[in-house]
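Colleague: sequence unavailable; structure follows:
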């Protein structure tokens, strides 16, 4: 049942304007659901970025980490922390991360 729910979440996130793909990955690196061809690679990036951002936020007393954005030439990913997993979203370069974050949060609240 959980698998079906998570697959529905990634499909719903994939319908957001400006989103090219989504992956939901457990904190231990296991891909739970994905709409991407390279789910394992994108999942690994999501866990690494999310865990690293959480560690930095804790070390510097910045409060709780909510999201981190990885940006490079032709690549843009937003990683959002959820209760038990990370969500990695591949975005178009011209898309506003704030708009995507708002819409992803709405999907996750359903």
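Modeller: Arrived safely. Predicted model only: the values in this text are computed from it and were never measured.
Colleague: going forward, measure contacts and count neighbours with C-alpha atoms only.
Modeller: Will do.
Colleague: contacts for the helix or strand hosting residue 13?
Modeller: Here residue 13 sits within helix 2-14, counting by DSSP states H and E. By Cα atoms under 8 Å, 6 or more residues apart in numbering, the residues outside helix 2-14 that reach it are 19-24, 32-35, 103-104, 107-108.
Colleague: recalculate using a threshold of 7 Å.
Modeller: For helix 2-14, contacts defined as Cα atoms under 7 Å, 6 or more residues apart in numbering pick out 20, 21, 22, 23, 33, 34, 35, 104, 107.
Colleague: mean confidence for it?
Modeller: Per-residue pLDDT values across helix 2-14 average out to 87.
Colleague: contacting residues for residue 58?
Modeller: Applying Cα under 7 Å, 6+ apart, no residues qualify as near residue 58.
Colleague: give me the number of residues near the nearest residue to residue 63 once chain neighbours are set aside?
Modeller: Using Cα to Cα, 6 or more residues apart in numbering and skipping the chain neighbours, the partner closest in space to residue 63 is residue 57 (6.1 Å). Residue 57 has 15 neighbours, counted by other Cα atoms under 10 Å.
Colleague: doesn't residue 57 fall inside a strand?
Modeller: No: counting by DSSP: H, G, I helix; E, B strand; the rest coil, residue 57 falls outside a strand, being helix.
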